[in-house]
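Asks: what's the 3D shape of this:
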Amino acid sequence: MIIVYQYPLLQIRSSLSSVRTLSQMLSIHMRRSEISYDIIEDILVQANRMRDTLQQLQDAVYMTKENIMRYNNNALKNMRRSAGAQPESISSHLANSLSTETSTSTSKESNRRLPVTLPSKDLEFPMPPIALAPSQHQEIRPCKVFDVLEDLVVAIKPLATKQQRAVELCDLSRSSQVAVDEPALRQALSNLIEGSLLRTEIGGKVEIVSTETPAGALIIIDDDGLDMHYMTQMHSLAPFGADLLAGDRIEDNMTWNFIAGLTVAREILESYGCVLRVISPRNAEAPLGAGGTRIELWVPLFSSPTSSDTEGLARDA
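Replies: Numbers count the residues shown, from 1 in each chain. The predicted model follows:
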């Protein structure tokens with residue numbers, strides 16, 4: 001069972017960007033007549049295959065997201081039907097919810113700030129990783145963590161409200177600039193946050209906390225949904241394919257969404273020197289399988305080069 005979803009992980013265990021960069025550097029020093037050059041070409045071919053695997057995993061994220069949303073919508077309809085709700089009142093309720101959320105989002109977008117919430121309980125911050133350093137082989141355009149998180153939360157709140165879930169953002173340091181390109185950070189966090197929301201049940205919540213520490217920026221994503229013990233050990237994981245469209249495959253869709261989204265996010269983030277940890281279940285006292293998941297993301301802070309560094313680079317040039 002575990003081998004089924006670990007296979008894509010084994011294919012891309014090494015950093016894709018590191019493999020491709022290394023092979024390109026080595027190819028410059030190899031002559032085409034040398035046997036070693038054939039080895040370099042093989043590495044490049046493998047890197048392209050790894051890139052294709054990543055794209056397939058991202059496609060799996062999108063497909064399973066649609067399946068889970070369809071299941072959640074049907075579950076809401078069935079719940080309201082069993083409670084004796086009238087279709088008119090249901091449509092009115094959803095319309096009012098979406099209208100309220102849209103107006104709120106528009107107001108937030110104009111103000112460019114979400115109201116800062118406090119964590120639901122005292123948060124004990126984890127120990128930072130031993131080594132956390134930005135990537136040295138890329139020209140990185142830094143971005144602010146809060147700006148990216150705010151945009152993502154504003155965008156996902158209408159979906160959360162429609163499906164009777166909640167997403168909260170607590171930012172304890174809005175000025176943190178990190179050494180990650182914004183599109184890359186946005187893609188990775190989108191996978192992680194959406195995946196957390198899709199694992200929750202009706203009335204569930206995703207809580208996002210970000211802060212700055214001496215070691216780097218820390219982003220914590222907590223959800224109270226199904227944990228990985230339930231999704232990977234309490235039932236048999238189906239192979240990825242058309243069978244996932246079946247109505248009784250919701251856990252398989254959640255598992256594939258989690259594994260695929262996490263794999264793509266990890267590959268993106270680790271190429272920038274980030275460290276990603278997953279704790280699931282995060283609540284050991286919760287009922288079996290309902291312990292939720294915590295994702296801890298440590299991101300290197302951006303430090304602008306000093307005048308001495310600039311002078312040193314100029315001399316080297």
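
Asks: show me what the longest helix belonging to the chain is packed up against.
Replies: In terms of residue count, the longest helix belonging to the chain (DSSP state H) is helix 35-82. Secondary-structure packing of helix 35-82 (3 or more CB pairs under 8 Å, 6 or more residues apart in numbering; DSSP states H and E): helix 2-11, helix 16-28, helix 182-199, helix 250-270. Any C-beta I mention is one placed from the backbone N, CA and C, and that applies to glycine too.

Asks: show me where the stretch 151-300 of the chain has its strands.
Replies: 166-171, 177-178, 205-213, 216-223, 275-279, 293-299 (DSSP state E, counting those that start in this stretch).

Asks: for the third one, buried residues please.
Replies: So the one you mean is strand 205-213. 205-212 (16 or more other CB atoms under 10 Å).

Asks: just the residues you listed now: which is nearest Asn257?
Replies: Val206 (14.0 Å; CB to CB).

Asks: quick one: contacts for the closest one?
Replies: Neighbour list for Val206: 160, 165-168, 193, 196-197, 200, 221-223 [criterion: CB atoms under 8 Å, 6 or more residues apart in numbering].

Asks: give me the below-cutoff pLDDT ranges for the stretch 51-200 of the chain.
Replies: Residues of the stretch 51-200 of the chain meeting the criterion pLDDT under 70: 85-124, 131, 136-138, 174.

Asks: try 80
Replies: Within the stretch 51-200 of the chain, the stretches with pLDDT under 80 are 51, 83-139, 173-175.

Asks: do you know how far Asn186 is from Ala83?
Replies: Heads up, residue 186 is Arg, not Asn. 39 Å (CB to CB, to the nearest Å).

Asks: give me the more crowded residue out of these two.
Replies: Per other CB atoms under 10 Å, whichever of Arg186 and Ala83 has more neighbours is Arg186, with 18 against 7.

Asks: pull the contacting residues for that one.
Replies: Contacts here follow CB under 8 Å, 6+ apart; on that basis Arg186 touches 148, 151-152.

Asks: nearest spatial neighbour of Val178, skipping sequence neighbours?
Replies: Nearest residue to Val178, sequence neighbours excluded (CB to CB, 6 or more residues apart in numbering): Val299, at 4.4 Å.

Asks: burial count for the one you found?
Replies: Count around Val299 with other CB under 10 Å applied: 27.

Asks: what's Arg141 sitting at in phi/psi?
Replies: Dihedral pair for Arg141: phi -100, psi 110, per degrees, to the nearest 10.
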